[in-house]
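>>> turn this into a model:
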Amino acid sequence: MDGISSYGDLVEEELAHYIRKDLEPKELYGPIYDLFSRGGKRIRPVLCLLACESVGGRAEDALKTAAAIEMIHNFTLIHDDIVDKSELRRGRPCLHHTYGLGLAINSGDGLFSMAYGVMNDNLGILDRKRFDGVFGIFSRAVTEVCEGQAMDISWAKRRRWDITVDDYSQMLKRKTSALIACSCECGGIIGNGSQKEIEALRSFGANIGMAFQIHDDVLNLAGEEEEYGKEIGGDINEGKRTLIIIDTISKCNEKERKRLIEILDAEQDSKKEIREALDIINKYGSVEMASKKAESIIKDAKGGLGALPDSKQKKMLLELADYFIERKG
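Residues are numbered from 1 along each chain as shown. All right, here's what the predicted structure looks like:
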């Protein structure tokens with residue numbers, strides 16, 4: 001991953017032009033700077049740069065788009081943490097706990113607006129055809145993220161637990177995969193890739209995005225809190241509809257199903273109740289099933305990159321795909 005880290009450095013340098021401690025008013029930019037200063041994997045922008053170079057383009061031409069995508073990702077994190085009533089983000093209290101609900105929401109809105117401003121800066125870098133292409137894909141991906149979030153929130157609001165695997169997949173394609181697919185597709189367009197190469201990159205991004213979230217669901221129930229950076233079992237406490245939960249509900253008996261849903265629907269669960277839910281989940285092997293599903297998706301994703309010419313950037317994309325299901329946090 002050493003070579004990949006150099007792309008992360010490029011992303012950090014680009015973000016530093018926009019995410020600054022000295023910006024006013026501090027009530028807006030302070031929380032934004034706080035969140036970005038905590039680090040982060042920067043996977044989406046790195047994918048954008050690698051995709052660009054994998055088809056013969058220059059990483060510097062994709063930096064604005066990469067930075068904008070990372071801003072949108074962090075905007076979603078701020079708002080997701082509020083909706084989910086999460087406690088931790090990157091090992092520290094979520095912004096709404098540190099700065100209050102109003103300022104956290106506003107900082108998320110600010111990032112959303114800033115991202116479109118950064119995308120507009122591409123006008124001086126890309127020709128009109130590529131600019132229009134990436135702007136349209138970016139805008140559509142942002143909308144899809146909101147669509148997926150709406151589906152997820154609606155299920156929780158209506159206390160729906162009759163979610164099918166297909167329902168979940170459709171939500172996940174929007175909420176998580178869309179922005180990762182956008183990163184890869186935009187990189188391919190900026191790098192002047194062929195239509196076949198661009199489509200291969202888009203499909204690769206969509207697949208690894210699915211695997212990324214499924215693996216994250218596994219970590220939430222079976223990871224180590226210190227490495228994961230969020231509370232273990234949080235998905236149970238938050239009543240999340242995940243592949244693991246959906247699988248367990250489809251397999252367990254009526255008594256177990258009733259008790260599991262009771263715990264999932266509760267406003268706040270004790271550690272004992274979370275342990276009880278985990279015992280039901282583990283009884284039916286749902287965590288192992290999800291882990292194997294993520295591995296299968298990554299295998300398909302890597303196979304799809306056969307359309308790209310061999311290069312060190314393609315090799316790095318393949319390494320990142322493996323990282324998606326090997327990471328601990």
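
>>> could you give the secondary structure assignment for the nearest residue to S54 once chain neighbours are set aside?
Computed as C-beta to C-beta, 6 or more residues apart in numbering, the closest residue to S54 that is not its neighbour in sequence is Q313, at 4.1 Å. Yep, even glycine has a C-beta here, placed from its N, CA and C like the rest. With DSSP: H, G, I helix; E, B strand; the rest coil as the basis, Q313 sits in helix.

>>> so which residues of the stretch 151-300 of the chain form helices?
Per DSSP state H, counting those that start in this stretch, the stretch 151-300 of the chain carries helices over the ranges 165-172, 178-190, 195-222, 225-228, 234-237, 243-251, 254-265, 271-283, 286-303.

>>> look at the residue nearest to S54 and report its pLDDT.
For Q313, the pLDDT comes out at 98.

>>> wouldn't it be in contact with V46 here?
No. Counting by C-beta atoms under 8 Å, Q313 sits too far from V46 to count as a contact (10.7 Å).

>>> show the average pLDDT along stretch 197-211.
98.

>>> buried residues in it?
The neighbour-count check on stretch 197-211 (16 or more other C-beta atoms under 10 Å) flags 197-198, 200-211 as buried.

>>> repeat for stretch 119-136
Buried-residue list, stretch 119-136, by 16+ other C-beta under 10 Å: 119, 121-122, 125-126, 130-131, 133-135.

>>> ok, stretch 321-329 next?
321, 323-325, 327.

>>> one more: stretch 283-290?
284, 286-287, 289-290.

>>> same thing with stretch 38-52?
So for stretch 38-52, counting by 16+ other C-beta under 10 Å, buried means 40-52.

>>> how much space between the closest residue to G193 other than its chain neighbours and I189?
Nearest residue to G193 in three dimensions, chain neighbours excluded: V55, at 3.2 Å (C-beta to C-beta, 6+ apart). For V55, the distance to I189 equals 9 Å [C-beta to C-beta, to the nearest Å].

>>> over to E288?
Taken as C-beta to C-beta, the span from E288 to I189 is 39 Å.

>>> just S37 next, same as before
In terms of C-beta to C-beta, S37 sits 31 Å off from I189.

>>> ok, the two, which is more surrounded?
I189 (29 against 12; other C-beta atoms under 10 Å).

>>> centre of the chain to the helix or strand where Y33 lies, how far?
Using DSSP states H and E, Y33 maps to helix 26-37. How far helix 26-37 lies from its chain's middle: 20 Å, per C-alpha atoms, centre = their mean, to the nearest Å.

>>> who are the packing partners of the helix or strand that that helix is followed by?
Per DSSP H and E, helix 26-37 leads on to helix 43-54 as the next helix or strand towards the C-terminus. Judged by 3 or more C-beta pairs under 8 Å, 6 or more residues apart in numbering; DSSP states H and E, helix 43-54 is in contact with helix 2-16, helix 63-84, helix 178-190, helix 195-222, helix 312-326.

>>> got the confidence number for the closest residue to L28 other than its chain neighbours?
Using C-beta to C-beta, 6+ apart and skipping the chain neighbours, the partner closest in space to L28 is G110 (5.1 Å). pLDDT for G110: 98.

>>> how near is N122 to R159?
For N122, the distance to R159 - C-beta to C-beta - is 43 Å.

>>> low-confidence regions, the protein specifically.
1-2, 224-230 (pLDDT under 70).

>>> quick one: the residue most central in space within it from D132, how far?
In the chain, the residue lying closest to the centroid (C-alpha atoms, centre = their mean) is T176, at 4.9 Å. Shown here: T176 relative to D132, a distance of 26 Å by C-beta to C-beta.

>>> same deal with A62?
For A62, the distance to D132 - C-beta to C-beta - is 16 Å.

>>> do A59 as well
21 Å.

>>> P31 is nearest to which of the helices and strands packed on helix 43-54?
Proximity to P31 (C-beta to C-beta) singles out helix 63-84 among those, at 8.0 Å.

>>> just give me the neighbour total for the closest residue to M114 other than its chain neighbours.
Sequence neighbours aside, M71 is the residue nearest to M114 in space, at 5.7 Å (criterion: C-beta to C-beta, 6+ apart). Using other C-beta under 10 Å, M71 is surrounded by 26 other residues.

>>> surely M71 meets G117?
No. Counting by C-beta under 8 Å, M71 does not reach G117; the two are 9.3 Å apart.

>>> ok, the nearest residue in space to E53 that is not next to it in sequence - contacts?
In this structure, E53 finds its nearest non-sequential neighbour in Q313, 4.4 Å apart by C-beta to C-beta, 6+ apart. Listed by C-beta atoms under 8 Å, 6 or more residues apart in numbering, the contact set of Q313 reads 50-51, 53-54.
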